[in-house]
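Peer 1: Quick one: sequence and predicted model below, then my questions.
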Amino acid sequence: MTRLGLIPAALTISGFACGIGFSIDANAKVTKLEIASKRSYGTFRTGEFEFWQGRVIGELRPTEAIPDIDKAPKNAKGLVEYSAKIALIFPKNPKNGNGALLVDIPNRGKPYGHALYNTPRDEPFVSGTFEVGTGFLQDHGFALAEVHWELGQGVDLPSFTDSSGQKRFVEGVGFAIVRDAADFLAHANTDSAGTTNPLYGSIKRIVAAGKSQSGRYLKSFLLNGFNMVEGRRLFDGMHVFVSAAGVLPIMQSGTGPDSSANGIPTFQNPEFRGVNEEVFTIGDVIKGVKARGENPPRMILIDTTTDYFSLRASLSRTGAEGTAEQPIPSNVRIYDIAGASHAVVPKADCQLPPGKLDWSPVSRATLLHLDNWVAKGVEPPASRLMPLEEAKNEPTVLRAPTHLPKAIIEIPKRDEDGNAIGGVRLPDMEVPLGVNARQNPPLSRQCMLPGAYVAFPRTQAEADATHDPHRPVLERYKTRNEYVNLIRAATRDLERDGFLLPDDAAIIIHSAAENPLWRASAP
């Protein structure tokens, strides 16, 4: 069933992509930074970090090109007010930072930055954590700001009552909140009340990161013109994870209590509107940005195997017609991580064990590439994609919706084991012990995103007993030495190609050396 307002929102997004621009009013700004708590976050290679939590309060002109903002109540200055939760993790001594502010876009109200970059190998973080984990971001001197934007998730959005008496929330303000908060943190000395901005003078560049829903947020933020403040670019770089071919339908006024950005198409509801709408490819997004005369940010986009099966990621390469792939703009790199799952979760109520491939090392390596690209102009590795083939009527693939009659859904080509070929290949995929990112029945939302990991049989006797056609592990790799040496070679190759950092390479090799499959007592 189509939700009220989603189709007009999609048309709004498409219109901006065609070059219909707008200017950001110079009077739109954060007026107050309220800090409710401060504590030490720990000491890292770069020194001690602090963790502050609070709110930002701001004002917007009712003339901004945000649907229905002119209908919201105004304060005594004739401006529309908002407030939102914010969290800051930054070096206590500003000289210890690397000059980069990483703006973490929350996903359904939950932070994702530490799950993307600080997650350890054996206990992957899920969204919602501020745990230190590996300390990667802090060891490299990044300041991090998590800025809330979503209706019902720590944000007070302006609202109004329509002609039918229905209360409506101006959801497009969620774009302006992140814009103004990031600009304040990077450039303002104090707020209007004289409260000092703790990051003032230490930020030289701003990079934004978002995963899934918040990755779609960033593409839509850019598409709708919010990356410009007073004629200058805001985000210098964007790290966009597993956004597939989706956009975010919040350029509208929703009735709540949930955000219009909450839903996605699923196998149970493939016709859901507002996500798979024009514009599909990053090339078309950048074309719209340049048509407005803007300088687009440098971007790294990452997709996984399950994004192609469950989220129609192939449309981000072809658009909504045919199978011809569109060129990737020069300011963009796209990396497919073969065998990776959209979400790595500890457990899921599915028929098979959830996908387990740890792809956070690629997140870390590519963040440093993006930061070097922004700061020094050093180009990252070339885009690396998985080859695709038409899905046809494969039941484990989310079909195209009827509003895209010419769309052809494609999925990664697979080898004889069922593992995807091509793309960025982590050592655990190059030297596999099982099938990674297989679809996971019953194809519910909670199962289609993590997918499945199905281990190969250990011995031929085990294969015969379970009628498993896969070649057993102990026939593929006769000894643990053979297995570890293959892992080591794959690790060094990926490190050489720029997708692994030395710290992660050492952990991967160490983990392989500890693998118990070759012990005489192994089950």
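Peer 2: Done, it's in. The shown structure was predicted, so the numbers you read here are calculated from the model rather than taken from an experiment. Numbers count the residues shown, from 1 in each chain.

Peer 1: Tell me where the stretch 51-200 of the chain has strands.
Peer 2: Secondary structure of the stretch 51-200 of the chain (DSSP state E, counting those that start in this stretch): strands located at 80-91, 100-104, 143-147, 155-156, 159-161, 167-170.

Peer 1: of all these, which lies closest to Ile408?
Peer 2: The closest of those to Ile408 is strand 100-104. By Cβ to Cβ, the value is 34.8 Å. Where you see a C-beta, it was placed from the backbone N, CA and C, and this is true even at glycine.

Peer 1: Show me what the closest one is packed up against.
Peer 2: Other helices and strands packing on strand 100-104, by 3 or more Cβ pairs under 8 Å, 6 or more residues apart in numbering; DSSP states H and E, are strand 143-147, helix 173-187, strand 205-211, helix 360-376.

Peer 1: Turn these into a markdown table, including mean neighbour count.
Peer 2: Rendered in a markdown table, the data for the helices and strands packed on strand 100-104 read as follows (neighbours: other Cβ atoms under 10 Å):
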| stretch | mean neighbour count |
| --- | --- |
| strand 143-147 | 26 |
| helix 173-187 | 24 |
| strand 205-211 | 25 |
| helix 360-376 | 21 |
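
Peer 1: Format the ones you listed as a markdown table; extra columns: mean pLDDT.
Peer 2: Formatted as a markdown table, the entries for the helices and strands packed on strand 100-104 read as follows, by pLDDT from 0 to 100:
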| stretch | mean pLDDT |
| --- | --- |
| strand 143-147 | 98 |
| helix 173-187 | 98 |
| strand 205-211 | 98 |
| helix 360-376 | 98 |
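
Peer 1: Among the ones you listed, single out whichever gets nearest to Glu430.
Peer 2: Distances from Glu430 to each of the helices and strands packed on strand 100-104 were compared using Cβ to Cβ; the shortest belongs to helix 360-376, at 13.3 Å.

Peer 1: roughly how far is the closest one from the heart of the chain?
Peer 2: Using Cα atoms, centre = their mean, to the nearest Å, we find the averaged C-alpha position of helix 360-376 to lie 14 Å away from the chain's own average C-alpha position.

Peer 1: And stretch 294-309, by the same measure?
Peer 2: The gap between the average C-alpha position of stretch 294-309 and the chain average comes to 8 Å, counting by Cα atoms, centre = their mean.

Peer 1: Do me a favour and get the end-to-end distance for that stretch?
Peer 2: One end of stretch 294-309 to the other measures 34 Å (Cα to Cα, to the nearest Å).

Peer 1: pLDDT wise, what is Lys347 at?
Peer 2: pLDDT for Lys347: 87.

Peer 1: okay, now the nearest residue to it once chain neighbours are set aside: neighbour count?
Peer 2: Distances taken as Cβ to Cβ, 6 or more residues apart in numbering place Pro354 nearest to Lys347, at 6.6 Å, with adjacent residues excluded. Pro354: 21 surrounding residues under other Cβ atoms under 10 Å.

Peer 1: Just grab the bridge partners of Pro354 for me.
Peer 2: For Pro354, the beta-bridge partners under DSSP bridges are Ala452.

Peer 1: Could you tell me the per-residue confidence at it?
Peer 2: At Pro354, the predicted lDDT confidence score is 96.

Peer 1: and it, what does it touch?
Peer 2: Applying Cβ atoms under 8 Å, 6 or more residues apart in numbering, one finds that Pro354 lies in contact with Ser341, Val344, Val345, Pro346, Lys347, Ala348, Asn440, Pro450, Gly451, Ala452, Tyr453.

Peer 1: what's the answer for Leu60, then?
Peer 2: Applying Cβ under 8 Å, 6+ apart to Leu60 gives the contacts Asp25, Ala28, Ile66, Ile69, Leu79, Val80, Glu81, Tyr82, Val173, Ala176, Asp180.

Peer 1: show me where the stretch 151-300 of the chain has helices.
Peer 2: 173-187, 213-223, 282-291 (DSSP state H, counting those that start in this stretch).

Peer 1: Figure out which of those is closest to Ser202.
Peer 2: For Ser202, the closest of the helices of the stretch 151-300 of the chain is helix 173-187, at 9.3 Å, according to Cβ to Cβ.

Peer 1: As PDB, could you dump the C-alpha coordinates of that closest one?
Peer 2: These are the backbone C-alpha positions of helix 173-187, laid out as PDB (Å, rounded to 0.1, in the frame of the first residue of the first chain):
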ATOM      1  CA  VAL A 173      14.100  20.000   8.200                       C
ATOM      2  CA  GLY A 174      16.100  16.900   9.000                       C
ATOM      3  CA  PHE A 175      18.500  17.700   6.100                       C
ATOM      4  CA  ALA A 176      18.900  21.300   7.400                       C
ATOM      5  CA  ILE A 177      19.700  20.200  10.900                       C
ATOM      6  CA  VAL A 178      22.700  18.200   9.900                       C
ATOM      7  CA  ARG A 179      23.800  20.900   7.400                       C
ATOM      8  CA  ASP A 180      23.700  23.600  10.000                       C
ATOM      9  CA  ALA A 181      25.200  21.600  12.900                       C
ATOM     10  CA  ALA A 182      28.100  20.400  10.800                       C
ATOM     11  CA  ASP A 183      28.800  23.900   9.600                       C
ATOM     12  CA  PHE A 184      28.600  25.300  13.200                       C
ATOM     13  CA  LEU A 185      31.000  22.700  14.500                       C
ATOM     14  CA  ALA A 186      33.500  23.300  11.700                       C
ATOM     15  CA  HIS A 187      33.400  27.100  11.600                       C
END
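
Peer 1: That helix packs against which elements?
Peer 2: Here helix 173-187 is seen to pack against strand 29-44, strand 47-60, strand 80-91, strand 100-104, strand 143-147, strand 205-211, helix 213-223, strand 228-229 when contacts are counted using 3+ Cβ pairs under 8 Å, 6+ apart.

Peer 1: Distance to Thr306 for these - can I get that in JSON lines?
Peer 2: Listed next are these as JSON lines, based on distance: least, Cβ to Cβ, whole Å:
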{"stretch": "strand 29-44", "distance to Thr306": "33"}
{"stretch": "strand 47-60", "distance to Thr306": "33"}
{"stretch": "strand 80-91", "distance to Thr306": "29"}
{"stretch": "strand 100-104", "distance to Thr306": "23"}
{"stretch": "strand 143-147", "distance to Thr306": "26"}
{"stretch": "strand 205-211", "distance to Thr306": "13"}
{"stretch": "helix 213-223", "distance to Thr306": "14"}
{"stretch": "strand 228-229", "distance to Thr306": "34"}
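
Peer 1: what's the closest of these to Lys413?
Peer 2: The stretch from the helices and strands packed on helix 173-187 with the least distance to Lys413 (Cβ to Cβ) is helix 213-223; that distance is 24.5 Å.

Peer 1: thinking again about what came up before, next, format the helices of the stretch 151-300 of the chain as JSON lines and append distance to Phe267.
Peer 2: Rendered in JSON lines, the data for the helices of the stretch 151-300 of the chain read as follows (distance: least, Cβ to Cβ, whole Å):
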{"stretch": "helix 173-187", "distance to Phe267": "28"}
{"stretch": "helix 213-223", "distance to Phe267": "18"}
{"stretch": "helix 282-291", "distance to Phe267": "26"}
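
Peer 1: Check this structure and tell me which residue is nearest its centre.
Peer 2: Per Cα atoms, centre = their mean, the C-alpha nearest to the average position across the chain is that of Lys211, at 1.8 Å.

Peer 1: Alright, calling it a day.
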